[in-house]
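> predicted model, plus sequence, below.
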Amino acid sequence: MVFISILLGLLPSFIMVGLGGLIRNRLSANAWQGLDRLNFEILFPALIFVAASSRPIALTDMARIGPAVWAILLFAMSLGYLARRFGPDSFRDFAGAWQTAWRFNTALGFVAVETLHPAPVGELAVAVGMAIPMANLLAVTALSRGSGNWRQTVFKVATNPFLLASVSGVIVGVSGLSIPVPVMAPLEMLSRAAIPVALISVGATMNWGALARMTRFSAIIVATKLIAAPVAALSLCLVVEPGEAIARTLILFAALPTASAAHVLAAGFGADRELAATLVAQSTLLAAATLPLWITVITVLF
């Protein structure tokens, strides 16, 4: 039942990626790039802000969950760097792909968490809210390397739409402020458009032939995200024993496929968007097998 539930939850995403592949030639390359820019500047920042700010965040939960998710991100980032020698010569192109080793798909997280009983939805919201700023800070910093002097890099990091949305969303969640409906409603409308638009763009820019030919580089990156990171999270939970709800949350968080927005961020910094899009697709498709297995492990052990 768990396996079927997760497959059904992922099926709409698979369909949207496939749709992008079918219609890729109906739009010009400039049109797809414009769509990526719309996602980068408006749609995904709205999604990130809504996800981080829609649920109140307790300071005690932040103190327990925050350091753990940061450790998972840093572990995946460090392990993913082992693929450097097998990746593109350009560091910026490598960084666009490297980020997929630690970034995560928030939407699929909230789909998958509902298969757990009881579902730690609140804890997952805290994990996402704490992880998004760090994940995007690491990604933006890596993509900014070599693009100018340190002042320009700091400026790019500080003004990145993903980072600004993450930080502001966490601040709202911690403060407990309620955003007026006339302001929140259009943000929610934009956030609902972000994922389907990004998935269609992934399908349109992805090299479908390369999808079936996993290289050593992509194998290291994808295995880091789908296998090594959840193994590390499971080991951490068995040693520290943070409690059932938090343990379930951390392992599920670590087992999520990479963010569907990864290729959007890569394109925004001039990195190889096709390579990033292919890694997103590989990670998402393979997660249809690995995520149900990890949820089964969570259910048995916790």
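Received, thanks. Numbering: from 1, shown residues only.
> so where's this structure shaky on pLDDT?
1-3, 5-7, 9-10, 57, 146-154, 157, 207, 210-211 (pLDDT under 70).
> who does the strand or helix carrying residue 64 touch, helix- and strand-wise?
Mapping residue 64 onto the secondary structure by DSSP states H and E places it in helix 59-80. Under the contact criterion of 3 or more C-beta pairs under 8 Å, 6 or more residues apart in numbering; DSSP states H and E, the helices and strands touching helix 59-80 comprise helix 121-144, helix 229-240, helix 244-255. The way it works is simple: take the backbone N, C-alpha and C, and place the C-beta from them, glycine included.
> show me the helices in the stretch 201-302 of the chain, by range?
Under the criterion DSSP state H, counting those that start in this stretch, the stretch 201-302 of the chain contains helices at 208-211, 216-223, 229-240, 244-255, 262-268, 273-301.
> so for residue 12, which of those helices sits nearest?
When the helices of the stretch 201-302 of the chain are compared by C-beta to C-beta, helix 273-301 sits nearest residue 12, at 11.6 Å.
> run the chain-centre distance for the closest one.
11 Å (C-alpha atoms, centre = their mean, to the nearest Å).
> before we move on, what about stretch 295-302?
With C-alpha atoms, centre = their mean as the basis, the mean position of stretch 295-302 lies at 22 Å from the chain mean.
> just the CA atoms of it, as PDB, please.
Below are the C-alpha coordinates for stretch 295-302, written out as PDB (Å, rounded to 0.1, in the frame of the first residue of the first chain):
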ATOM      1  CA  ILE A 295       9.100   5.000   4.100                       C
ATOM      2  CA  THR A 296       8.800   1.300   4.800                       C
ATOM      3  CA  VAL A 297      12.000   1.500   6.800                       C
ATOM      4  CA  ILE A 298      10.600   4.400   8.700                       C
ATOM      5  CA  THR A 299       7.400   2.600   9.400                       C
ATOM      6  CA  VAL A 300       9.200  -0.500  10.700                       C
ATOM      7  CA  LEU A 301      11.800   1.200  12.900                       C
ATOM      8  CA  PHE A 302       9.800   4.200  14.100                       C
END
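> mind listing what's buried in it?
Neighbour-count burial for stretch 295-302 flags 295, 298, 302 (criterion: 16 or more other C-beta atoms under 10 Å).
> would you agree the last one is in contact with residue 250?
Just to be clear, that refers to residue 302. No. Between residue 302 and residue 250 there is no contact under C-beta atoms under 8 Å: 10.0 Å.
> ok, residue 272 to residue 285 distance?
Here residue 272 is placed at a distance of 20 Å from residue 285 (C-beta to C-beta, to the nearest Å).
> higher neighbour count, these two?
Taking residue 272 and residue 285 together and counting by other C-beta atoms under 10 Å, residue 272 has the greater number of neighbours (20 against 16).
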